[in-house]
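*Asks:* what shape does this take:
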Amino acid sequence: MTSKSLIGAGLQLTRLASTAEFISDDPPHWAIESYIPLPNAELVEALLSRAECAADSHARLREVFTAMADLLHHRGRALHTGFATRYTKIDPDRDTRTAVPATEPGKCLADASRIAEMSRQVLADAGYSEVDRAELERSVESASEWGVPLEVDFNVFDLLLVYARGDIVGSRTKRRWRQMFKLINVDVPIYQRVVVLFKLREGSKTDDQLEPAMLHLRMFKNVPKLDIDMLLPGTQIRISWLDRTRTIVPSLGGIGVKVYKLIKLALFVAVITYSIAAIIIGLTLAIVGYVVRTVMNHFQTRNRYMLSLTRSLYYQKLDTNAGVAYRLLYEAEAQRHREVVLAYFALLTVDKGISMRKLRRRVQRMIREICSAEVDYRASDAIKTLESWSLIERGASGAIHTCTPEEAMQRIDRCWDRKIDP
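*Replies:* Sure, this is the predicted structure:
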């Protein structure tokens, strides 16, 4: 076996030890998404190495793609500044003081709502889709074999948004008695990225002791779809009937055996001492002892669930609060850059203009050839951005044309000269 095939075999099944999962290099997807899973620099190099790209145009194309990134970064500055200004007042992790009195609850909710609306667009640009309430409630009703059964009180939230990306099929190991307790791989529906935004209702109580006046943001990785409820505050461990049976039945059996033995002993003592007090004391001690044992078993089961929950959140959490927001702003900017680079390159390397539908198909084919990924390419968004920079023209038949790299650089320079928001 060659070194190249060995590397390919290693990539084909990569173990993520931090979450005890196996995710293949090209995992099956439940749905085709808009996210383009390529670093920007690698995408540019992959495009320049294609046969339809002339070697003498590489340097100029790199300049165009870099200029596009600069324009997108400039456009994102206003959103970045607006978020930072609003979120500073309701950031749970802030280390600055405020020069104004404490914010009223109604004003906090209004600020959180405005930031949530900004986040919706950023999340959509970064390739995330909203997880609706119905799916959240389904995750509460059941748990995966590695999750924790929970009860969620949705009434503790003034605001709750859950977004996910990377709806794939992963794999985890499990021991089953039918296979003689051997480790086997089990397919698990997984979200590769999950973002949770929430603000608690005033007066609500949670074990996390989070501040209701603040807007909390969380980002997680490789979350089983049935365990999304584990990411929410205001949850309570739900002890299953099986666990209750495991706790109560042994205690009841033990009580019966112990009471039988104590009655025999107590009767023997009573016969000797002519006293019934020994029977009463023996029975009381037996009952109290097994009640205490049952309660302790219940708390041990609950603590076992809590340990599993804590471990999962520890390994799967990627970022919190302002760190989540700035990460999403970067991801949205990078995703839009990939979209416009692909659109411009696809238009530049055809002999004549093409329609929006053909552009979408052409780009999807290019992505598939570069990284073997099926992507729901958002051609209309990319064209809208290129159109705002005057880099494309539409023919009478609706065909879309673009300009040469030299002309593109001149038009991009004019965008800066006009001092318009690109």
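*Asks:* use CA for all of it now, contacts and neighbours both
*Replies:* OK.
*Asks:* ok but residue 192 is inside a helix, no?
*Replies:* No - per DSSP: H, G, I helix; E, B strand; the rest coil, residue 192 lies outside any helix segment and is strand.
*Asks:* for residue 166, see how far away it is.
*Replies:* Distance, residue 192 to residue 166, by CA to CA, to the nearest Å: 5 Å.
*Asks:* is it correct that residue 35 is in contact with residue 374?
*Replies:* No - the pair residue 35 / residue 374 is not scored as a contact, 9.6 Å apart, by CA atoms under 8 Å.
*Asks:* quick one, which of these two is more surrounded?
*Replies:* Remark: of residue 35 and residue 374, residue 35 carries more neighbours, 24 against 19, as counted by other CA atoms under 10 Å.
*Asks:* how about the helices in the stretch 151-300 of the chain?
*Replies:* Here the stretch 151-300 of the chain has its helices, by DSSP state H, counting those that start in this stretch, at 241-273, 277-316.
*Asks:* so where is this structure shaky, pLDDT-wise?
*Replies:* 1-30, 98-105, 143-149, 175-177, 179-181, 207-208, 237-314, 419-422 (pLDDT under 70).
*Asks:* hey, where'd the strands end up in it?
*Replies:* 14-16, 21-23, 129-130, 150-152, 157-176, 182-200, 216-224, 235-237, 317-320, 392-394, 400-402 (DSSP state E).
*Asks:* in the fifth one, which residues are buried?
*Replies:* Within strand 157-176, the residues that count as buried by 16 or more other CA atoms under 10 Å are 157-172.
*Asks:* show me which of the residues you listed is closest to residue 141.
*Replies:* residue 162 (17.3 Å; CA to CA).
*Asks:* residues contacting that closest one?
*Replies:* If you count contacts by CA atoms under 8 Å, 6 or more residues apart in numbering, residue 162 has them with 130-132, 194-197.
*Asks:* tabulate the residues you listed (CSV), appending distance to residue 396.
*Replies:* Output for those, formatted as CSV (distance: CA to CA, whole Å):
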residue, distance to residue 396
130, 38
131, 41
132, 42
194, 44
195, 44
196, 46
197, 46
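*Asks:* drop anything exposed from those residues.
*Replies:* Using 16+ other CA under 10 Å as the threshold, 131, 194-197 are the buried ones among the contacts of residue 162.
*Asks:* pick the one among these closest to residue 115.
*Replies:* residue 197 (9.9 Å).
*Asks:* and the closest residue to that closest one other than its chain neighbours, how many residues sit next to it?
*Replies:* Among residues not flanking residue 197 along the chain, residue 217 sits closest, at 4.6 Å (CA to CA, 6 or more residues apart in numbering). By the criterion of other CA under 10 Å, residue 217 has 21 neighbours.
*Asks:* repeat that for the one 10 residues further on.
*Replies:* Neighbour count for residue 227, taken as other CA under 10 Å: 23.
*Asks:* now do it against residue 316, distance only.
*Replies:* 12 Å.
*Asks:* try residue 93
*Replies:* 20 Å.
*Asks:* quick one, which of those two is more surrounded?
*Replies:* residue 316 (20 against 13).
*Asks:* from memory the more buried one sits against residue 223, does it?
*Replies:* Yes - Residue 316 is in contact with residue 223 according to CA under 8 Å; the separation is 7.3 Å.
*Asks:* contacting residues for the nearest residue to residue 376 once chain neighbours are set aside?
*Replies:* Leaving aside its sequence neighbours, residue 376 sits nearest to residue 34 (CA to CA, 6+ apart; 4.5 Å). Contact analysis of residue 34 by CA under 8 Å, 6+ apart lists 127, 375-378.
*Asks:* mind listing what residue 224 touches?
*Replies:* 144, 188-191.
*Asks:* ok, now with 7 Å
*Replies:* 188-191 (CA atoms under 7 Å, 6 or more residues apart in numbering).
*Asks:* that one pairs with what?
*Replies:* residue 190 (DSSP bridges).
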